[in-house]
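Chemist: my questions are about this predicted structure, shown below with the sequence.
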Amino acid sequence: MKSQKDRVKLNVGGKKFETTATTLACAGRNSFFGSMFDEDWNPRSDGEFTERFIDRDPDYFTVLLNLLRTGELYIPSTIDKKLLYKEALYYGIQDHVRSVKWGPFDGNRLRLAESLTGITSGEAAMIRASQNSWCCVVRGNMVKTYDWMLEEQPTITNCDYRRVNDVCWVNSDNIAVSSPDKYLASGGIGLFSASTGELKYNFQVKDGDQLKDYTAGALGVSSDYKLFSSCSESTNKRNGISVWDQVTGKQTDFLPYWPDSKATKFQWLHGTNCLMVATCHSMSKCSINLFDFRENRVFLSWSDAMDERVYRDAIAIEESNSICVVDSNETLGFMDLRSTNSIEWRSTHTRGFTEKLSGWTGYKFSYPKLAFHKGQLFSSFDDTISVYCGSDWVRTSQLQQSHGGPIWDFSIGGDRLFALHGSEDIFDVWETPRP
């Protein structure tokens, strides 16, 4: 039986509620309710039964209080879901709502939760997921951001950019955007607020005290607050990798990069504090390099100089000490992360490109993409995303929809998978149902 000291009276929008400190403690110390109690979750009051007034809607509070009481979320038909999510955000318990809305990520159990249409005009380019279940979509020179409720935020638009080359979530609040149309000396990379679209500052490249006219390409981030970008100087045909401090926007390093084409993908390897730099162009050879920033050296370098394959993507899998590459036919290849002397190729696709193409109108060709998340490998090919598991990377499931046509890009973050279609103005959101 709960003690009188544990009981709490609340007045929410004129409606009286009585609960316990134990129930409200389920919301967590950083929630709205955390400030109402001391370190031992005793009410901050001289009296046992001081009533606290909260100027919010009581009907929505009822649903959220029951969530804290039972761990289950029941939403009556009279309650607007998105307004409920906003109330959860106000009380600081949005993570509780997310945790009961869908389960822990599992590629083999993903189900289509929603498809969003009417994103924006312009050619489909890319989609990027954040760790808090937001996403941003790039079409043309516009970046549209969606919060975890899939509500559209103010558009990130820079009139100086004719197109966006890459976007990267620096953290849950900010997005870095690069453009090949703008020199880095005059704002080729900008840091924008994900929720307001506001430009916070530009990243610039310096050689000594002089600003250099490089154009920006692929972006990447590290766990120690560094931002990376491939840079190309058209006059002298020089390529490099510039490094900035994410917090201050100040350049901290510039690394020469010798391949003929600039890098197309960065991946930070948390276990070794190294940066994987991949170059996968249709008109040039593929190269993969690993940079060790602790010793400021390249400790692994590989190129397909003698191979006729056209490589489309690469990803490092630290758990198995391997690097996975994919060619234009979705054939997966695996090399040892520690030696890269040879590649073991495995054919993966089960139906031909012509067969898929016959059912589509307004077709736009898309290239295979790779992702790795929580021990599972993902590969997109035309209109399908395949999931691979186990030490031998056996295909265990496939994600496919009848609408949208080929998948132009996909991204995983915050226990969601987002897939952007190239032929139609649509992207899909996949979630794992609760067990």
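Modeler: Everything's here; your move.

Chemist: confirm that Tyr85 sits in a helix.
Modeler: Yes: according to DSSP: H, G, I helix; E, B strand; the rest coil, Tyr85 belongs to a helix.

Chemist: shouldn't it be in contact with Val100?
Modeler: No: here Tyr85 lies out of contact with Val100, judged by C-beta atoms under 8 Å, at a distance of 11.9 Å. Heads up, the C-betas are built off the backbone N, CA and C, glycines and all.

Chemist: so between those two, which is more surrounded?
Modeler: Here Tyr85 and Val100 are set side by side on neighbour count (other C-beta atoms under 10 Å), and the busier one is Tyr85, at 20 against 15.

Chemist: any idea how far the closest residue to the more buried one other than its chain neighbours is from Asn296?
Modeler: Counting by C-beta to C-beta, 6 or more residues apart in numbering, Met149 is the residue found nearest to Tyr85 once chain neighbours are left out, at 4.6 Å. Look at Met149 and Asn296: by C-beta to C-beta, to the nearest Å, they are 44 Å apart.

Chemist: tell me which of these two has more neighbours.
Modeler: Just comparing Met149 and Asn296: by other C-beta under 10 Å the higher neighbour count belongs to Met149, 18 against 9.

Chemist: ok now do that one, which residues does it touch?
Modeler: Neighbour list for Met149: 82, 85-86 [criterion: C-beta atoms under 8 Å, 6 or more residues apart in numbering].

Chemist: give me the lowest-pLDDT entry from the residues you listed.
Modeler: Among those, Lys82 has the lowest pLDDT, at 85.

Chemist: give me the contact list for whichever strand or helix holds that residue.
Modeler: Assigned by DSSP states H and E, Lys82 belongs to helix 81-91. Defining contact as C-beta under 8 Å, 6+ apart, one finds that helix 81-91 is touched by 27, 31-33, 56-57, 60-61, 63-64, 75, 94, 96-97, 148-149, 151.

Chemist: in it, what counts as buried?
Modeler: Residues of helix 81-91 classed as buried: 84-85, 87-88, 90-91 (neighbour count, 16 or more other C-beta atoms under 10 Å).

Chemist: now, which of those sits nearest Cys389?
Modeler: If you rank the buried residues of helix 81-91 by distance to Cys389 using C-beta to C-beta, Tyr85 comes first, at 32.2 Å.

Chemist: quick check: closest non-adjacent residue to the residue nearest to the spatial centre of the chain.
Modeler: Taking C-alpha atoms, centre = their mean, the centroid of the chain lies closest to Ala129, which sits 2.3 Å from it. What sits nearest to Ala129 in space, not counting adjacent residues and going by C-beta to C-beta, 6+ apart, is Gly413, at 3.0 Å.

Chemist: test my guess that the one you found contacts Cys136.
Modeler: No: here Gly413 does not reach Cys136: they are 10.6 Å apart, not a contact under C-beta under 8 Å.

Chemist: tell me how far the residue nearest to Ala129 lies from Arg338.
Modeler: With C-beta to C-beta as the criterion, Gly413 and Arg338 are 28 Å apart.

Chemist: neighbour count winner among these two?
Modeler: Neighbours of Gly413 and Arg338, each counted by other C-beta under 10 Å, are more numerous for Gly413; the result is 20 against 11.

Chemist: got a list of what the more buried one touches?
Modeler: By C-beta under 8 Å, 6+ apart, the contact list for Gly413 reads 128-135, 169.

Chemist: same list (those) but as TSV, adding distance to Glu114, secondary structure and pLDDT.
Modeler: Formatted as TSV, the contacts of Gly413 follow (distance: C-beta to C-beta, whole Å; DSSP: H, G, I helix; E, B strand; the rest coil; pLDDT from 0 to 100):
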residue	distance to Glu114	secondary structure	pLDDT
Arg128	18	strand	97
Ala129	14	strand	97
Ser130	17	coil	95
Gln131	19	coil	91
Asn132	17	coil	88
Ser133	12	coil	91
Trp134	14	coil	94
Cys135	12	strand	95
Trp169	20	strand	96
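
Chemist: just give me the closest of those residues to Ile426.
Modeler: Ile426 has its nearest neighbour among the contacts of Gly413 in Cys135, at 13.3 Å by C-beta to C-beta.

Chemist: near the closest one, how many other residues are there?
Modeler: By other C-beta under 10 Å, 26 other residues sit near Cys135.

Chemist: which residues does it form a beta bridge with?
Modeler: Ala129, Tyr146 (DSSP bridges).

Chemist: and if you look at Ala316?
Modeler: Going by DSSP bridges, Ala316 is paired in beta bridges with Ile323.

Chemist: separation between it and Arg346?
Modeler: Counting by C-beta to C-beta, the gap from Ala316 to Arg346 is 17 Å.

Chemist: which of the two has more neighbours?
Modeler: Ala316 (23 against 14).

Chemist: hang on, isn't that one packed against Met276?
Modeler: Yes: counting by C-beta under 8 Å, Ala316 does reach Met276; the two are 4.8 Å apart.

Chemist: quick check: neighbours shared by these two?
Modeler: Taking C-beta under 8 Å, 6+ apart as the contact criterion, the residues that touch both Ala316 and Met276 are 267, 269, 323.

Chemist: now the helix or strand containing Trp408, how far from the chain's geometric center?
Modeler: Following DSSP H and E, one finds Trp408 within strand 407-413. Centroid separation for strand 407-413 versus its chain: 9 Å, with C-alpha atoms, centre = their mean, to the nearest Å.
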